[in-house]
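*Asks:* Sequence and predicted structure below; questions after.
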Amino acid sequence: MRVKEVYCKTALSKSFLPGLDYSLNPYRGCEHGCVYCYVPSVLHIPRDDWGKWVDVRVNIPTVLSRELKRKPKGVVGVSTVTDPYQPLEKKHCLTRLCLEQLLKHDFPVSIQTKSNLVLRDIDLLSAFPEVEVGITITTLNDRERKLLEPQTPSIEKRLETVRRLSEEGIKTYIFYGPIYPTLEVKEVPRVVKVFSETGVSMIMVDSLHLKKGVWESIKKQLSLEPETLKLFSRRLFDEKNYYSLIISEMEKESKRYGLMIKRAF
């Protein structure tokens, strides 16, 4: 892992994602290196190099502090092209330092992460008048999780993170996506039940989008899992209604638990 300390000129950038006014990324690059990640396509960087380097924006809390004094108040997405709680955050604490500034200036915050490290900052999150935390989960099968996102925390750790945040009264949702195409329709009721038991009221769902180079990366990663690769291929290319069936079933099952299902993007 190549780690480089860099200095940024700006902290907040305009966000084009629904519900977010600004995006804040304390890091560029991500240690998680998820095979299906859309970010290399967004940043126009080599996919083969993704997950092998991280730029640490060491001065971003200071830059953010200056910007918050003159920016119109709006919802800040933390982060949009990297995980704000990737392992390096434990050492550098840039996300926490930025949250301190956002709290000081009373900016609403929306966080999305795959990491249980977010629990470290419960004290800050609890103090925000407006905050939400989305925990990304792609499958309930931890063996499958290791195939395409081996550097991420386990599914059980993520579910426990959602439970803890919910218990603390912090608005929390599960971002169920990209849903691995290994999921069977008959397994949907169990997924919804497990999610409901975490205390969330909303699940955001998303399919696996094949941005440029993603399928090639998946094929390479699953080369030693021919049956899994075959299933991915069939459902991503041949069974055009696969995700529609899955999401429709989720919407039906969610009514049992009073859960809102929201489709992403």
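*Replies:* Yep, it's here.
*Asks:* Need the contact partners of the helix or strand bottoming out on mean pLDDT in the chain.
*Replies:* Considering only helices and strands, the least confidently modelled element of the chain by mean pLDDT, DSSP states H and E is helix 39-43, at a mean of 88. The set of residues that contact helix 39-43 without belonging to it, under C-beta atoms under 8 Å, 6 or more residues apart in numbering, is R28, C30, P46, R47, W50, V81, T82, K211, K212, G213, V214. For every residue, glycine as well, the C-beta is placed using N, CA and C.
*Asks:* residues touching the second one, list them.
*Replies:* Put plainly, it is C30. C30 makes contact with C37, V39, W50, G51, V54, T82, D83, Q86 under the criterion C-beta under 8 Å, 6+ apart.
*Asks:* ditto for the third one
*Replies:* Neighbouring residues of P46 by C-beta under 8 Å, 6+ apart: P40.
*Asks:* ok, the contacts of C30 vs G177, which is closest?
*Replies:* The shortest gap between G177 and any of the contacts of C30 belongs to C37, at 12.1 Å (C-beta to C-beta).
*Asks:* Report the secondary structure state of that closest one.
*Replies:* Going by DSSP: H, G, I helix; E, B strand; the rest coil, the secondary structure assigned to C37 is coil.
*Asks:* and the nearest residue to it once chain neighbours are set aside, how far is that from Y38?
*Replies:* Using C-beta to C-beta, 6 or more residues apart in numbering and skipping residues adjacent in sequence, the residue nearest C37 is W50, 6.3 Å away. Noted for W50: a distance of 10 Å to Y38, by C-beta to C-beta, to the nearest Å.
*Asks:* Looking at the two, which one has more neighbours?
*Replies:* Taking W50 and Y38 together and counting by other C-beta atoms under 10 Å, W50 has the greater number of neighbours (20 against 16).
*Asks:* ok, so what distance separates that one from H105?
*Replies:* Distance, W50 to H105, using C-beta to C-beta: 33 Å.
*Asks:* Repeat that for I179.
*Replies:* Between I179 and H105 the computed distance is 37 Å (C-beta to C-beta).
*Asks:* repeat for W53
*Replies:* Taking C-beta to C-beta, one finds W53 at 31 Å from H105.
*Asks:* before we move on, back to that, so the residue nearest to C37 sits against Y36, correct?
*Replies:* No - with contact taken as C-beta atoms under 8 Å, W50 and Y36 are classed as non-touching, separated by 10.5 Å.
*Asks:* check contacts around L20.
*Replies:* If you count contacts by C-beta under 8 Å, 6+ apart, L20 has them with V75, V76, G77, T80, S110.
*Asks:* There's contact between V192 and R256 in this structure, I believe.
*Replies:* Yes - applying C-beta under 8 Å, one finds V192 in contact with R256, separated by 7.5 Å.
*Asks:* who has more neighbours, those two?
*Replies:* The residue with the greater number of neighbours, taking V192 and R256 and applying other C-beta under 10 Å, is V192; the counts read 23 against 11.
*Asks:* returning to what we had before: between I179 and H105, who's got more neighbours?
*Replies:* When neighbours are counted by other C-beta under 10 Å, I179 comes out ahead of the other of I179 and H105, with 21 against 15.
*Asks:* helix, strand or coil for the more buried one?
*Replies:* Classification of I179 into helix, strand or coil gives coil, according to three-state DSSP.
*Asks:* That one: what's it in contact with?
*Replies:* If a contact means C-beta under 8 Å, 6+ apart, then I179 has T138, T139, V205, D206, S207, L208, Y243, I246 as its contacts.
*Asks:* now D206
*Replies:* F175, Y176, G177, P178, I179, R263, A264, F265.
*Asks:* mind giving me CSV with those and columns for pLDDT and distance to L20?
*Replies:* Compiled in CSV, these are given as follows (pLDDT from 0 to 100; distance: C-beta to C-beta, whole Å):
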residue, pLDDT, distance to L20
F175, 98, 14
Y176, 98, 19
G177, 97, 17
P178, 97, 19
I179, 98, 22
R263, 93, 17
A264, 89, 13
F265, 71, 12
